[in-house]
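after the sequence you'll find the predicted model.
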Amino acid sequence: MGRFLLLLGLLLAAAVGRSSGGDANVTYDGRSLIIDGQHKILFSGSIHYPRSTPQMWPSLIAKAKAGGLDVIETLVFWNLHEPRPGQFDFSGRRDIIRFIKEIQAQGLYACIRIGPFIEGEWSYGGLPFWLHDIPGIVYRSDNEPFKYQMEKFVSMIVGMMKAEKLYASQGGPIILSQIENEYGMVEAAFREKGPPYVRWAAKMAVGLQTGVPWVMCKQNNAPDPVINTCNGRRCGETFPGPNSPNKPAIWTENWTSFYQVYGDEPDIRSAQDIAFHVALFIAKKGSYVNYYMYHGGTNFGRTASAYVMTSYYDQAPLDEYGLFRQPKWGHLKELHAAIKLCLDSLISGVYTTMALGESQEAFVYSGNSVPCAAFLVNNDTRKNVVVTFLDSSYELPPKSISILPDCKTVAFNTAKVSTQYNTRAMETSQKLDSIEKWEEFKDTIPTFEDTYLRANMLLEHMNTTKDNSDYLWYTFGFENDISDVEYVLDVTSSAHVLHAFVNGAFVGSTHGGYKTKTLTLESKITLKNGTNYISLLSGMVGLPDSGAYLERRVAGVRSAMVKGENEIKDFTRYSWGYQVGLLGEMLQVYTDFGSSNVQWNPYGSSTHQRLTWYKTLFDAPAGKEPVALNLESMGKGEAWINGQSIGRYWVSFLTPQGRPSQTWYNVPRSFLKPTDNLLVILEEENGYPPGISIDTIAITQVCGLVSDSHPPPVISWRGQNKTEQNHSAKHHGRRPKVRLQCPLGRNISRILFSSYGTPSGDCGSYAIGSCHSFNSLPTVEKACLGKRICSIPVWNQKFGDDPCPGTPKSLLVDALCT
């Protein structure tokens, strides 16, 4: 507690005399949040500060702002900040104050979801494991030991924000905070201890007097004045709404894809689907949408929860490396711009609905001296429908929404993507294929005699390691008095991975999966006369992050038997020896200092052994493009660059399609030196280090497909509205366009395909159709070659003639960026 008070005192002292700028009063009513007396329709994006680096934060936030976001949301990671009771760490990627100040510097609002249980596919749901050792504790319930620790941490975080004047009520950017996380999913499991905990958490948070509202997500009974909010993919369809007419409709997690676990293919959610559900939520009087994630980033070190990959939400609008994920980023940017054309109507207009067909409807905002705005919805998933609205006809593609800021003209349709598609490529910068440059250090296989921790029972894995390592050795020795020639080692475990050794020799391994609760290993073994040693390495690939009674979860070896034809010897209740972690971890061989204090041998100088550490040096690739480690030749383990863990890897765990879930592993530029970077790999299996390469990541190809029925870019609407008095010229120049843009430092060097007419396919696979202008390629080459950005209107006059009069036409262009 002394450390806590000291830290808080220092922060308060640092804040003295700091000018706060204009304070903002943040309240709400049944329509929206109200900031300085103005109702707000807000778009927000999740960017988690520890899943990227401080050097990346300015660019990520700037790209989010350019994408039309108003707010940056982050979780707060308790176990990252207080890894030991009373020992706090807010350095480097943990520097939440610096992160929020960067948000403020770029003119955006912030939302902090303190939790402090956060789930978030983060190990142990963000709770520090030392809570487990507090007598009588029950997490997330009406339990005094847990409530004491929770209140202390939440109060500290709020105190830090106040000390730095970061709440809007102090002139800062924070307009919203969250307490707890999706508790409604587990509340019933706690029976009579659930509802009082919800009331206590809400009262405790509000009592901290931040001057901004609090929310609880997936908590329909959130006590006043806390706002209940929605999480999911379809909150416009599934959210029952605020539990009070005086609270606004807020969507705290709109999943832009989904987290990925080892063994799974990526979850692809289209830009069209996201846009549809955002537009629907706003059309139904929603006022705040947060994209989870807007940038997912990287689960560095051992921070990912059970089986979750190191790469996190790579399919978000900004990918793991911070590059634009197109068309998702651009399509949502257009959506935000279109909705913001309707702001006055959405906030002040009278809300009405009308049926336009069996599966079609209109949501209209008009009156009260504001322009009329409408959202025309087609819920039919299979067919285009023509509807009549205010005496005009509108064609709506399947499962789409058209936005009419003036109730006349379509500014945006959720199904019609005008934004380019990007192709991300990995380019090899340096192959680490020189065997002479690799060295190895074989970890030891401990026996019972090597251990100091002993018990006459099988210990639970997580409570023994205390999250200090993924690994726990279970060892025992016994005299061979079985006369059978063949033996079978039979082990069951509730951990994630199990490796078995007999007398130091590997005899077998097995692993589970995200939906697998129990592992079984059955391996034929050979025993020698006399004393035999069995060593079992239990491995966790992250701690669990969700569910009720997290403190009761168990993992590790549950039973062990040696079976002969005529006898079964059960060692489940026996004298066991334990070792937490691997020797290489204890010696920190992944650091410069630790590496220099052990004897490394030339690569391949002795018989291969599982659990081997490998090291080499490499130079940083030239340029500024993101860097990744290609670990396709490896099996399972963890990698460090200059002492910093870039995360666990598990290339050998294949998807049902026979591919690794993740092959490339992010290496932030800030981890690197210009030369002589130390790469250390812990390989559990049979990986081949000389197959590793250092790659750079770049957008190398851009493609656009736009039809003459697509709405023109929203920016052209906004530009024309500035001269609205010239009605005859209002829509002049507003034409659909293919707009291509290479990343900085690259230009369009080649047009791979161009067809104006009826090209078949899409940007993934295309061909010339029955109608094609022979001027397609020269026209596009003239407009685009040698340029970083080019724009081609979908217009007959641009291509010199009409290749097929009376036929709707499209323009498809695919280009190379070098």
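Everything's here; your move. Numbers count the residues shown, from 1 in each chain.

point to the residue nearest the middle of the chain.
Geometric centre of the chain, nearest residue: G296, 2.9 Å, by C-alpha atoms, centre = their mean.

just checking, that one touches P317?
No: judged on C-beta atoms under 8 Å, G296 makes no contact with P317 at a distance of 9.9 Å. For every residue, glycine as well, the C-beta is placed using N, CA and C.

so what sits opposite E440 in the bridge?
Here E440 sits in beta bridges with N601, Y614, going by DSSP bridges.

tell me who's in contact with it.
E440 is in contact with 600-605, 612-615, counting by C-beta atoms under 8 Å, 6 or more residues apart in numbering.

ok, 10 Å please
Residues near E440 by C-beta atoms under 10 Å, 6 or more residues apart in numbering: 600-606, 608-609, 612-615, 681, 683, 689.

what do you get for T447?
Listed by C-beta under 10 Å, 6+ apart, the contact set of T447 reads 473, 475-477, 501, 503-504, 531-535, 577, 579.

do that again at 7 Å, thanks
Listed by C-beta atoms under 7 Å, 6 or more residues apart in numbering, the contact set of T447 reads 475, 477, 533, 535.

repeat for G508
For G508, the residues meeting the contact criterion (C-beta under 7 Å, 6+ apart) are 500, 521, 523.

export those residues as a markdown table, with columns for secondary structure and neighbour count.
As requested, these are exported to a markdown table (DSSP: H, G, I helix; E, B strand; the rest coil; neighbours: other C-beta atoms under 10 Å):
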| residue | secondary structure | neighbour count |
| --- | --- | --- |
| A500 | strand | 22 |
| L521 | strand | 21 |
| S523 | strand | 16 |
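
pipe those into TSV and attach distance to H461 per row.
Listed next are the contacts of G508 as TSV, based on distance: C-beta to C-beta, whole Å:
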residue	distance to H461
A500	15
L521	15
S523	20
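
with these in mind, which one is nearest to K782?
L521 (66.0 Å; C-beta to C-beta).

pull up the gap between G761 and N775, please.
Distance, G761 to N775, using C-beta to C-beta, to the nearest Å: 21 Å.

tell me which of these two has more neighbours.
N775 (16 against 13; other C-beta atoms under 10 Å).

in the stretch 401-550 of the chain, which spans are helices?
Using DSSP state H, counting those that start in this stretch, the helices of the stretch 401-550 of the chain run over residues 461-465.

any chance you could map the strands in it?
Under the criterion DSSP state E, counting those that start in this stretch, the stretch 401-550 of the chain contains strands at 412-413, 421-431, 439-442, 453-455, 471-480, 487-493, 497-502, 505-511, 519-525, 530-539.

which one of the ones you listed lies closest to H331?
Nearest to H331, of these and by C-beta to C-beta, is strand 412-413 at 9.2 Å.

same question for that closest one, mean pLDDT?
For strand 412-413, mean pLDDT is 98.

what's it packed up against?
Judged by 3 or more C-beta pairs under 7 Å, 6 or more residues apart in numbering; DSSP states H and E, strand 412-413 is in contact with helix 328-340, strand 400-404.

so what are the sheet partners of that strand and their directions?
Assessed with DSSP bridges, strand 412-413 is paired to strand 400-404 (antiparallel).

now do the strand it pairs with: distance to the chain's middle.
Centroid separation for strand 400-404 versus its chain: 29 Å, with C-alpha atoms, centre = their mean, to the nearest Å.

contacting residues around it?
Looking at what lies outside strand 400-404 - C-beta under 7 Å, 6+ apart - the contacts are 276, 279-280, 283, 338-339, 342, 373-378, 394, 396, 410-415.

so which bits of the longest strand that the chain contains are buried?
Counting by DSSP state E, the longest strand found in the chain is strand 693-707. Going by neighbour count (16 or more other C-beta atoms under 10 Å), the buried part of strand 693-707 is 693-706.

from the residues you listed, which is closest to M156?
Scanning the buried residues of strand 693-707 for proximity to M156, where the rule is C-beta to C-beta, the winner is I697, at 37.7 Å.

residues contacting that closest one?
321, 323, 424, 426, 625-626, 628.

give me the nearest residue to it, chain neighbours excluded.
P626 (4.2 Å; C-beta to C-beta, 6 or more residues apart in numbering).

roughly how far apart are the one you found and Q55?
P626 is 12 Å from Q55, by C-beta to C-beta.

with E180 instead?
With C-beta to C-beta as the criterion, E180 and Q55 are 32 Å apart.

so, low pLDDT: which residues of the chain?
1-21, 482-484, 718-733 (pLDDT under 70).

biggest helix in it by residues?
For the chain, the longest helix by residue count, based on DSSP state H, is helix 144-163.

and it, what's buried?
For helix 144-163, the neighbour count (16+ other C-beta under 10 Å) marks 146-147, 149-151, 153-163 as buried.

starting at the chain centroid, how far to that helix?
Distance, centroid of helix 144-163 to centroid of chain: 26 Å (C-alpha atoms, centre = their mean).

quick one: list the elements packing against that helix.
Under the contact definition 3+ C-beta pairs under 7 Å, 6+ apart, helix 144-163 sits against helix 2-15, helix 194-206.

tell me the angle that helix makes with helix 194-206.
Relative orientation of helix 144-163 and helix 194-206, computed by axes from the mean of the first three to the mean of the last three C-alpha atoms, to 10 degrees: 20 degrees.

ok, back up a step: so which of P626 and Q55 has more stuff around it?
Legend: neighbour count by other C-beta under 10 Å for P626 and Q55, higher for P626 (23 against 12).

just to revisit the earlier point, residue contacts, the residue nearest to I697?
P626 touches 321, 696-697, counting by C-beta under 7 Å, 6+ apart.

same list, those, but as JSON lines with distance to C742 please.
Output for the contacts of P626, formatted as JSON lines (distance: C-beta to C-beta, whole Å):
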{"residue": "Y321", "distance to C742": "16"}
{"residue": "T696", "distance to C742": "15"}
{"residue": "I697", "distance to C742": "15"}
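
list the contacts of F799.
756, 773, 775-776, 779.

taking those residues one by one, which sit in helices?
Among the contacts of F799, the residues falling in helices (DSSP H) are 776, 779.

pretty sure W576 contacts T464?
No: taking contacts as C-beta atoms under 7 Å, W576 lies outside contact range of T464: 10.7 Å.

ok, the two, which is more surrounded?
Neighbour count, other C-beta under 10 Å: between W576 and T464, W576 has more, with 25 against 19.

let me see the contact set for the more buried one.
454-455, 458, 474-476.

closest to S244 among those residues?
Looking across these and measuring by C-beta to C-beta, the closest to S244 is L458, at 51.4 Å.

so the closest one sits against F571, correct?
No: counting by C-beta under 7 Å, L458 does not reach F571; the two are 9.0 Å apart.

more neighbours: these two, which one.
Remark: of L458 and F571, L458 carries more neighbours, 22 against 19, as counted by other C-beta under 10 Å.

ok, the more buried one - contacts?
474, 556-558, 572, 576.

of those, select the buried ones using a PyMOL command.
Command for PyMOL that selects the buried part of the contacts of L458, burial taken from 16+ other C-beta under 10 Å:
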select buried, resi 474+556+557+558+576
